[in-house]
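Novice: Turn this into a model:
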Amino acid sequence: MSTCLDILRIFAALAVFLGHTNFHWFFGSSSIGPQNGQDYVIIFFVLSGFVIAWSVDKKKDLSFSQYIFDRLTRLWSVVLPALLIGYVLDYFGNLLHPSSYGSILASNHTEVKFLASSLFLHESWFFSIRPGTNGPFWSLSYEFFYYMIFGSIMLLPRLEQKFLVGLAWVLLAGPKVLLLFPCWLIGWLAYLGCKSWRLHVCIALPLVLSSGIFLIYRMLERWSNWDPWSHPGLGMPPLFYSAKFLDDYVTAAAVGLWLVSIHRWFGLEKKTSGWGAHVIKQMARCSFSLYAIHFPAMAFLGALWTTGKLTDLNIFSGIIAILLFSYLFASVFEHPLRMYRQFLLQYIPILNRKCGISC
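Specialist: Alright, predicted model coming up:
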């Protein structure tokens, strides 16, 4: 089952990235990617709910403090360097070709925006703060709050703690973030479905075919024939990226149904071996980094191209360059996560002595 999840994760990350190659400043807008990237973010939400539920369920003695440590280090190991590197790329790219950044760089109150983004507060309530050019960062605020709400309810020992801490996170998140929480919870429900039963082939086959065909048709239809104006208010206040929440529920439900039905052939504990599974796993390990860093890297590369400094590159070589850069970023920041956690525990020993946190 983990290989199926990895394939979906790779697909969603690549689709979001390729969707952003449609911008005119990236080697001339050739419309290679999908017009609507948010459907693929919703796939991420469902996968996140599924994987977090699976992880929590497997660790029977998992404490709330350990959960918070695991989730924050996982996020910050990528988010903090992505914000820093993105800031540097935006600064020099804007110096190179300001007009390329005119509509994509939020240059006012920069320090406050980056601080809010580093604390995942940039989408709280009716704020929608872009850290520099990095528009895709919006979903990381949503993910953070879903982690916190879910962990509070599932792992805190007493009922009043679950209620008070969970409510505090809900109030901090605000209604806009909560509107897409059902998409994340569908991933949790899909995990519970996979854990609880294995559908008979006579039920699983029509379900996996119908949900799969629906998703393929939906994504193909929107790959080139979609525009944000078909969903009034999308990207605009007060709901911003939550404005098409009903449409997103449909996508999430189809993904959740596909996961439950595909479980008939790919059990939770079934491991896929071989070089193909290894390659897929390694690619999936770069998906978070690709999502977090690709946009400011694209904007900088686009500025270089527009100024005539990269005349030998085209959109395809530009795509390869961004993928290689993202892989390098993942190798430095995402893959050594265990080493970073060990470093923190070594230099902040109170985490282990008082909180019982370990690697």
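
Novice: Please make it C-alpha for all contacts and neighbour counts, starting now.
Specialist: OK.

Novice: So for the longest helix seen in the chain, what gets flagged as buried?
Specialist: Ranked by number of residues, the top helix in the chain under DSSP state H is helix 64-96. Using 16 or more other Cα atoms under 10 Å as the test for burial, helix 64-96 gives 64-83, 85-87, 89-91, 93-94, 96.

Novice: so how many other residues sit close to His97?
Specialist: The number of residues packed near His97 is 17, by other Cα atoms under 10 Å.

Novice: Assess the claim that it and Ala303 are in contact.
Specialist: Yes. Using Cα atoms under 8 Å, His97 is in contact with Ala303, at 5.6 Å.

Novice: Grab the most central residue of this protein for me.
Specialist: In the chain, the residue lying closest to the centroid (Cα atoms, centre = their mean) is Phe44, at 5.4 Å.

Novice: Please, which helix or strand holds that one?
Specialist: helix 38-58 (DSSP states H and E).

Novice: Residues touching that helix, excluding its own?
Specialist: 5, 8-9, 12-13, 15-16, 62, 139, 143, 183-191, 219, 248, 251-252, 255-256 (Cα atoms under 8 Å, 6 or more residues apart in numbering).

Novice: Check which residues of it are buried.
Specialist: 38-54, 56.

Novice: Flag the shaky bits of the chain, pLDDT-wise.
Specialist: Where the chain drops to pLDDT under 70, the residues are 29-30, 229, 354.

Novice: Surely Ile32 forms part of a helix?
Specialist: No. Read with DSSP: H, G, I helix; E, B strand; the rest coil, Ile32 is coil and lies in no helix.

Novice: list the contacts for it?
Specialist: 18-19, 21-22.

Novice: Next, format those residues as CSV and append neighbour count.
Specialist: What follows is the contacts of Ile32, written out as CSV (neighbours: other Cα atoms under 10 Å):
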residue, neighbour count
Leu18, 19
Gly19, 19
Thr21, 28
Asn22, 19
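
Novice: Which of those residues sits closest to Trp223?
Specialist: For the contacts of Ile32, the closest approach to Trp223 (Cα to Cα) belongs to Gly19, at 8.6 Å.

Novice: Helix, strand, or coil at the closest one?
Specialist: Using three-state DSSP, the structure places Gly19 in helix.

Novice: swap in the one 4 residues further on?
Specialist: The three-state assignment at Phe23 reads coil, by three-state DSSP.

Novice: phi, psi of it?
Specialist: Main-chain torsions, Phe23, degrees, to the nearest 10: phi -70, psi 140.

Novice: and what of Met298?
Specialist: Torsion angles at Met298 (phi, psi; degrees, to the nearest 10) stand at phi -60, psi -40.

Novice: how many neighbours does it have?
Specialist: Counted with other Cα under 10 Å, residues neighbouring Met298 total 24.

Novice: got it, and the one 10 residues further on?
Specialist: By the measure other Cα under 10 Å, the count of residues near Gly308 is 10.

Novice: hang on, it in a helix?
Specialist: No. Counting by three-state DSSP, Gly308 is located in no helix; its state is coil.

Novice: In contact with Val177, which residues?
Specialist: Residues counted as contacts of Val177 (Cα under 8 Å, 6+ apart) are 123-125, 142, 145, 242.

Novice: hang on, I meant Phe300
Specialist: If you count contacts by Cα under 8 Å, 6+ apart, Phe300 has them with 89-90, 92-93.

Novice: In which helix or strand does the residue of the chain positioned farthest from its centre reside?
Specialist: No residue in the chain sits farther from the centre than Cys202, which is 34.0 Å out by Cα atoms, centre = their mean. If you go by DSSP H and E, Cys202 is part of helix 201-224.

Novice: That helix - contacts with which helices or strands?
Specialist: Applying 3 or more Cα pairs under 8 Å, 6 or more residues apart in numbering; DSSP states H and E, we find helix 201-224 packed against helix 245-262.

Novice: Next, the buried residues of the helix it packs on.
Specialist: 245, 248-249, 251-262.

Novice: Please enumerate residues in contact with stretch 18-25?
Specialist: 28-37, 100, 295, 299, 302-303, 306, 315, 319.

Novice: Please, a PyMOL command that selects the buried ones among those?
Specialist: Buried residues among those (16+ other Cα under 10 Å), as a PyMOL selection:
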select buried, resi 31+32+33+34+35+36+37+100+295+299+302+303+306+315+319
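
Novice: The residue nearest to Leu207 when sequence neighbours are not counted: what's it in contact with?
Specialist: Excluding the flanking residues, the one nearest Leu207 by Cα to Cα, 6 or more residues apart in numbering is Ser261, at 6.0 Å. Neighbouring residues of Ser261 by Cα under 8 Å, 6+ apart: 199, 204-205, 207-208.

Novice: of all those residues, which comes closest to Cys355?
Specialist: Nearest to Cys355 out of the contacts of Ser261 is Leu199 (Cα to Cα; 41.3 Å).

Novice: Need the nearest residue in space to that closest one, chain neighbours excluded.
Specialist: Once flanking residues are discounted, Leu199 sits nearest to Arg264: 5.8 Å by Cα to Cα, 6+ apart.

Novice: How about the contacts made by that neighbour?
Specialist: Contacts for Arg264 (Cα under 8 Å, 6+ apart) come out as 198-201, 204.

Novice: now that we have those, which one has the most neighbours?
Specialist: Neighbour-wise, the contacts of Arg264 (other Cα under 10 Å) top out at Ala204, 20 neighbours.

Novice: so that residue makes contact with Ile262?
Specialist: Yes. Ala204 lies in contact with Ile262 (Cα under 8 Å); the separation is 7.0 Å.

Novice: Thanks again, I'm all set now.
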